[in-house]
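Asker: build me a structure from this.
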Amino acid sequence: MVDAQPWAAMFGPSTWPQVVHMLLAAYMVTGFTIASVYAVGMLRGRRERRHRLGLLIPLAFAAALTPVQVGVGDWIANTVADNQPAKLAAMEGEYETTAGAPLSVGGLHYDDELHYALEIPNGLSLLIHHDPDGVVLGLEEIPVDERPPVNVVHLAFDTMVGLGTALLLLSLVFGWTWWRRRRMPESRWFLRAVAVSGVAAVVAMEAGWIVTEVGRQPWVVYGILRTEDAVSPAPGLYLGFYAVVVIYVLLTALTVFVLRRLARSPDTAAPQEVDARPPERDVGEAAVR
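Answerer: So this is what the prediction gives:
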């Protein structure tokens, strides 16, 4: 090994957009997940102040970060286009190098072509280059043995973007109602949407990690070290892997158990309000006096 550069490895071109993107995703998952627990409680008729604040505070926090995440996504897309063109081509199922490349939604990639996709004309070129006629490199420019599995990356990317867009719409509805009426929406359809937003945020984050990690294949260090060459031959590594899986399964089960207990726990009875007005005197007593 010569000329080792650990700082360059830790702070590469993708470091800052990835770090910001992941932190925002983590906060969004936390906010939407907590809000979803209280939304379920409100759907079950619990509308007291504790449940309203339990939904309002984390939802407002997550909703404020969601449009910021969209801007960071644009930052990452440009970074990927500059540094990992094969990943970008797989994300969009783009085989041919194209000027004015469309943005493809859905579809399956086979026979070197994306089938059944909904295409937005010039959308990908506009997203990447901010120019509707910008040139986007296709998979044809990449050696066959250096291409990532296109369908996995493309469908994971569509899942992430689709769920992120749904969360953005939910955030906009919440923000618009709060701005106009100084209160959050309380319709059952809104509460149902909030109730599933936690799961949606988790799935979107995991889909994003699939895009990041699978889209980089077959490289563990892009263009330098292949994954097959980075596998450690040390014995017993699977034991550590299994231990980590067991620990996280237990933590997940415990988290779900606690949240379900919180959702089912009876509400604390509200204290009786004390009437500060003086008691009314009996009419007869007043007449005698």
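Asker: where in the chain is pLDDT low?
Answerer: For the chain, residues meeting the criterion pLDDT under 70 lie at 263, 265-289.
Asker: against G198, how distant is V40?
Answerer: 10 Å (CB to CB, to the nearest Å). In this view, the C-beta of every residue, glycine as well, is placed from N, C-alpha and C.
Asker: okay, the two: which has more neighbours?
Answerer: G198 (24 against 21; other CB atoms under 10 Å).
Asker: quick one: the helices in the stretch 1-150 of the chain?
Answerer: Using DSSP state H, counting those that start in this stretch, the helices of the stretch 1-150 of the chain run over 6-10, 15-43, 49-83, 85-92, 123-129, 150-181.
Asker: T98 pairs with what?
Answerer: Beta-bridge partners for T98, by DSSP bridges, are V136.
Asker: residues near it, how many?
Answerer: Neighbour tally, T98, other CB under 10 Å: 16.
Asker: quick one: contacts for it?
Answerer: 125, 135-136, 138 (CB atoms under 8 Å, 6 or more residues apart in numbering).
Asker: repeat that for L262.
Answerer: Counting by CB under 8 Å, 6+ apart, L262 has contacts V37.
Asker: where's it, which helix or strand?
Answerer: helix 237-264 (DSSP states H and E).
Asker: where's G31 relative to M91, distance?
Answerer: For G31, the distance to M91 - CB to CB - is 26 Å.
Asker: same question, P13
Answerer: 17 Å.
Asker: looking at those two, which is more packed in?
Answerer: Using other CB under 10 Å as the criterion, P13 and M91 rank with M91 on top: 25 against 13.
Asker: how close does the more buried one get to P85?
Answerer: Distance, M91 to P85, by CB to CB: 10 Å.
Asker: next, format the contacts of T98 as TSV and append distance to A243 and neighbour count.
Answerer: Shown next, in TSV, are the contacts of T98 (distance: CB to CB, whole Å; neighbours: other CB atoms under 10 Å):
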residue	distance to A243	neighbour count
S125	47	21
V135	48	14
V136	43	22
G138	43	20
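Asker: that older thread, now the angle between helix 15-43 and the helix holding L262, please.
Answerer: Here helix 237-264 runs at an angle of 40 degrees relative to helix 15-43 (axes from the mean of the first three to the mean of the last three CA atoms, to 10 degrees).
Asker: surely V72 and V20 touch.
Answerer: Yes - counting by CB atoms under 8 Å, V20 is a contact partner of V72 at 5.4 Å.
Asker: compare the two (neighbour count), which wins?
Answerer: V72 (19 against 16).
Asker: who's in contact with that one?
Answerer: Contacts of V72 by CB under 8 Å, 6+ apart are 17, 20-21, 24.
Asker: give the ChimeraX command for selecting the buried subset of the residues you listed.
Answerer: The ChimeraX command for the buried members of those (criterion: 16 or more other CB atoms under 10 Å) is given here:
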select :17,20,21,24
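Asker: mind putting the contacts of V72 in TSV, distance to A9 included?
Answerer: Converted to TSV, the contacts of V72 look like this (distance: CB to CB, whole Å):
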residue	distance to A9
P17	17
V20	19
H21	19
L24	24
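Asker: quick one: which of the contacts of V72 is nearest V144?
Answerer: P17 (28.7 Å; CB to CB).
Asker: which residues are in contact with the closest one?
Answerer: 72, 75-76, 79.
Asker: thanks a lot, catch you later.
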